[in-house]
Each structure stands twice: as structure tokens, then as C-alpha cells.
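Participant: The following block contains a protein sequence and its predicted model.
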Amino acid sequence: MRIIFALIALNFTLNIYAQDSLNVEFNKPIIKENQQDIKFKNSLGELKVNLDSSGEKNIKFGLSTQFWLRYLENNPGTAVNGMLQENTYDAGLRRMRVTMQAQLSNAYSIYIQFGINNQSFISGGGSGTGANGQGKKPQMFFMDAYNELAIIPRVNSTTKKENKNHLYVGAGLHSWSGISRLTNASTTKMLTADLPVFNFPNIEVSDQFSRQFGVFFHGDYNKFNYRVAINKPFATNKQPLIGEIVDNNQTGKLSFSGYGMYQFLEKENTLLSFLPGTYIGSKKVFNIGAGIYTTSDATLAQTEDGLYKSYDNTLIGVDAFLDMPIGPKSKEMALSIYSVFYNYNFGPNYLRTNGIMNQGTKDSSYNGPIAVEGFGNAKYLLGTGNMWYTQAGFVLPNFSQKVKLQPFAAYTLKDLEGLNEIAHFYEFGANLFVLSQNAKVAYQYSSRPLFDAETKEVFTRKGEHILTLQIAL
């Protein structure tokens, strides 16, 4: 927190003592790379410190928080804080981020993002909080920290005109990822209340919150946008039981990833790696894309007692994204649709479970049927097999000068090798935009299937209600 207060103090000081060669701008309309926000009524601008009179050399700051209120239907046999609970009321900080982007010249920039994720009343605590400090004082960490050099910049430094094609190279801890648009999703401009998470196939396994160390390239060739990366995955060294396959990349092989999309209508802002899930009708976008992630010897299986075999990982995605205003202009209606197909190969029958801000553990006194996924809100996240995800949202006709309402729905099909039945997941809810995507309230209900440990077939379903409050600058 001292870092945050220091940044605020620095910005305040610069605002007071700014001279002609150092101009500080607050709440100005966002410049060309974010034109989609200019068109939205009441949207906030950016926090920007100009380092020269032209504004081409600058530092931009960003702040965002997403606060969750939840009602959880727990998996059978769940204990929370040592007490058997079929349902749990919950509050937590899903995300808190501070970003800094320094444009030191037309060719060179630095990007840093740090913060915390997933702090609840019982989980997310940092070290040293003690037995009575569960969930308290989480440690902040860096999500992005990279340098970037323009080989062909977006704007010609001599003519000041926009280049039709551009190319950038960078290195560091980064999120210029492959596979899909959703793998490069913006967490502050989501269509649904939260991302489905399986869009980040290595999340907190061989990456750090979907980031890896490495070198990346990205750019535009006319209307084709692309990004490729060569990375060093984070080390995993799990040891499998007989008949089990786990994450183990001890041989230390590199990963290779890439994603490309053709932009049929308006071109999107790709100054940063993050792509919106909705523009609320401020742009006309239709893209088709495809991507891949591959690395050798990433998982390890014990086929027989003492006999081990490594498997390569190959992950593929194909997607389409449509976002545009529809109907009479005065109604300000808009449609957002995104659909993606994934083929994941982690090795035979690989499965992984996950529960966002999951506080559930096994209750020792419970003797009923349990889900193989585990307890709390755990579910099968991903595995070797095919997955199809589709989300859609519609901005309702204008009824206010200050707010917009956008109902949405999402569906996921998971056909995984390690399960004996196809899994169907459902979400629906609505976004209430107060200041564009700078300030919004979202509600979402999610329904998840649970699998029997013996049959590997669905035996029941559970739900989860989320109310999220977002502020982002």
C-alpha cells in the first residue's frame, strides 16, 4: 500500500509543480489508441503525466478494483472455517491492480502491472498473519513487467502519420499469449461478470497468473493482427501416482505460442495485450482468429509402478468476435457475441479442477455422496479434450442519460477424455454501466455440474450468485 500512496503523492506533486515541459493531465478523453471510450457518455479519461510539451513522452497510471459479494451452493460435504455448510455467504476482493506505462520515446516503452487477486474472508492471506489471520494482508505481486521496442512504430516519428503496418518486440514477464482472444482478455472490460478461467490453460501451473517470462513480437499487417512469443515456463515438479498424469516440466523446455486475428471492420487498439469482451456498441468489430501454445515434456504420467512417461502439450483455439451497434442510432443498442473452440492435449486423461476464491474443505463428519471435483465451489476446469464456449450480450434501448443495461448469457461445453459424460455449464446475468466500463455493477448466476467419483458421470448440479462492483481508471 505504501507504493500506491507514494504514486498518488507523486501525481499530486507533479500536478502542482508542472512546468511547460512537464504537463499533467487528469480526466482527459482517452487518446487515439482508446477511441472506443470517447464515444461513451460520462466515461472517464486517463491519468497521464506528460514528460514533454508534445505529450509523446509520458507516463500513464491505471487503478482498478473488482469487489465481489457471493452466495455459494457448496459441493456436498463442504466445511468452511471448520463448520459444515451447504451454502456460504461470501465477500472478497477478486482483483486489485495498479498499472504504469512509460512511453520514453516513439520507439521505447515500459509496462508494469501489480496488485492482488482473490482475497476473501478466509483465503488470500500473506505470510506471517498467524493462526488468527486467515485472509488478511495478502502480498502484492507483479503480473506484468516488460520492456518494448518499436521496430516499425504505429506513428511515423517524422511525418507524424499513422503507419499502416507496425511491429514491436519486447521481453520480460508478459501476457502476449497465444491460443485465443479470451486468453488475452481484458479483466476490466469483460462481457460476463468474470472470465471462465479455462481460457488461461496454464493458469498458476506453468505461468504466473497467465504470464510467463520470455520474448514476444506483436503487430499489424494491414488488417491482420498477430502476436507470437517464446517463453520459459515456470517450473513444475509434481510426481504422479500409478495411473495418474500431472504437471511436470523438469526437463525445462521452452514454450511457443501465437495468436492472429483478421479484423474485417474497424481495427482494435492493441497498444497493450488485453482485448475487450464488449465495446458496448462504441465500435464496429468483426474478427476471426486462431492460435496455438506448445511445449515439450510438460506433463508426466506413471503408467506402471516405477515406469514414467512424459507428454508434450499442444493447445489450439479458433474463435470469432462480433461487437457493433444495432437498430436506430437514438436507441444506442448494441450486440456483443464471442465464440471459441479449444482443443487441449496435455496427455491422456489429464484433468484439472478449480474453484475461484474457494474456502471449502472436507467435513470430517459428513458421510454422504461427494463430488470427485472436491469441495466448496470446485469444478472441472479443463483437461485433455475439446471445449466450446460462447457468450452473448445485448445493450438495451437507451432509457437514461447516465447508465446502460446489458443482459448477457454464456454457455460452455466440455468434452474431456477423463470424464464419461459431457459437461454443460451455464451463466446469465447483466451489466449496469454507470461510467462506461470505468464504473459498473454486474450480477451473474452460474450453474456447474458435479461428477460422481466412481462413474465419472454427472450426479448433481450446484449454483453460484455473484454481485461484482468495478471501478477502473
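Facilitator: Everything's here; your move.

Participant: ok, which stretches of the protein are helices?
Facilitator: Applying DSSP state H to the chain gives helices spanning 2-17, 35-38.

Participant: Least reliable of the ones you listed by average pLDDT, please.
Facilitator: Out of the helices of the chain, helix 35-38 stands lowest, with a mean of 37 (criterion: mean pLDDT).

Participant: how about the closest residue to residue 420 other than its chain neighbours, what does it touch?
Facilitator: Counting by CB to CB, 6 or more residues apart in numbering, residue 456 is the residue found nearest to residue 420 once chain neighbours are left out, at 4.2 Å. For every residue, glycine as well, the C-beta is placed using N, CA and C. Residues near residue 456 by CB atoms under 8 Å, 6 or more residues apart in numbering: 372, 418-421.

Participant: Also residue 102?
Facilitator: Applying CB under 8 Å, 6+ apart to residue 102 gives the contacts 58-59, 109-111.

Participant: re earlier: give me the pLDDT for the residue nearest to residue 420.
Facilitator: For residue 456, pLDDT reads 95.

Participant: quick revisit: which of the contacts of residue 456 count as buried?
Facilitator: 372, 418-419, 421 (16 or more other CB atoms under 10 Å).

Participant: how about JSON lines for those residues, with pLDDT and distance to residue 209 added?
Facilitator: Shown next, in JSON lines, are the buried ones among the contacts of residue 456 (pLDDT from 0 to 100; distance: CB to CB, whole Å):
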{"residue": "372", "pLDDT": "96", "distance to residue 209": "26"}
{"residue": "418", "pLDDT": "96", "distance to residue 209": "25"}
{"residue": "419", "pLDDT": "97", "distance to residue 209": "27"}
{"residue": "421", "pLDDT": "98", "distance to residue 209": "31"}
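
Participant: any idea which of the residues you listed is closest to residue 316?
Facilitator: The shortest approach to residue 316 among those belongs to residue 418, at 18.7 Å (CB to CB).

Participant: I'd like to know how far the closest one sits from residue 271.
Facilitator: 40 Å (CB to CB, to the nearest Å).

Participant: now swap in residue 451 and tell me
Facilitator: 43 Å.

Participant: Looks like residue 259 contacts residue 183 (just checking).
Facilitator: Yes - shown here, residue 259 and residue 183 form a contact pair, counting by CB atoms under 8 Å, at 7.1 Å.

Participant: shared neighbours, the two?
Facilitator: In contact with both residue 259 and residue 183: 177, 291, 317, using CB under 8 Å, 6+ apart.

Participant: Neighbour-wise, which one of those residues leads?
Facilitator: residue 177 (28 neighbours; other CB atoms under 10 Å).

Participant: can I get the contacts of residue 102 in CSV with neighbour count and distance to residue 80?
Facilitator: Formatted as CSV, the contacts of residue 102 follow (neighbours: other CB atoms under 10 Å; distance: CB to CB, whole Å):
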residue, neighbour count, distance to residue 80
58, 22, 47
59, 19, 43
109, 20, 45
110, 16, 42
111, 22, 38
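
Participant: Who are the contact partners of residue 169?
Facilitator: Here residue 169 is in contact with 148-149, 151, 215-217 (CB under 8 Å, 6+ apart).

Participant: I misspoke; the intended subject was residue 345.
Facilitator: 312-315, 384.

Participant: got CSV for the residues you listed, with distance to residue 351, neighbour count and pLDDT too?
Facilitator: Formatted as CSV, the contacts of residue 345 follow (distance: CB to CB, whole Å; neighbours: other CB atoms under 10 Å; pLDDT from 0 to 100):
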residue, distance to residue 351, neighbour count, pLDDT
312, 18, 14, 98
313, 14, 25, 98
314, 17, 15, 98
315, 15, 24, 98
384, 8, 22, 98
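
Participant: and which of the residues you listed is nearest to residue 210?
Facilitator: After measuring the contacts of residue 345 against residue 210 - CB to CB - the closest member comes out as residue 315, at 12.9 Å.

Participant: What separation do you get for the closest one and residue 206?
Facilitator: Residue 315 is 12 Å from residue 206, by CB to CB.

Participant: May I ask which helix or strand of this structure has the lowest mean pLDDT?
Facilitator: helix 35-38 (a mean of 37; mean pLDDT, DSSP states H and E).

Participant: give me the low-pLDDT residue ranges for the stretch 51-200 of the chain?
Facilitator: 127-133 (pLDDT under 70).

Participant: what are the ranges of the strands in it?
Facilitator: Secondary structure of the stretch 51-200 of the chain (DSSP state E, counting those that start in this stretch): strands at 58-73, 78-80, 83-84, 87-103, 108-120, 141-152, 166-174.

Participant: Would you mind listing the buried residues in the last one?
Facilitator: Right, strand 166-174. Those would be 166-168, 170, 172-174, for strand 166-174 by 16+ other CB under 10 Å.

Participant: what does the longest one give?
Facilitator: With burial defined by 16+ other CB under 10 Å, the residues of strand 87-103 counted as buried are 88, 90, 92-103.

Participant: Mind picking the one among those residues that's closest to residue 72?
Facilitator: residue 88 (4.5 Å).

Participant: who's in contact with the closest one?
Facilitator: 70-72, 74, 78, 80, 359-360, 376.

Participant: Let me know the closest of these to residue 471.
Facilitator: For the contacts of residue 88, the nearest to residue 471 is residue 70 (18.5 Å; CB to CB).

Participant: Tell me if I'm right that that closest one and residue 466 touch.
Facilitator: Yes - here residue 70 lies in contact with residue 466, judged by CB under 8 Å, at a distance of 5.4 Å.

Participant: Could you measure from the closest residue to residue 233 other than its chain neighbours over to residue 316?
Facilitator: Nearest non-adjacent residue to residue 233, counting by CB to CB, 6+ apart: residue 206, 3.8 Å away. Separation of residue 206 from residue 316 (CB to CB): 17 Å.
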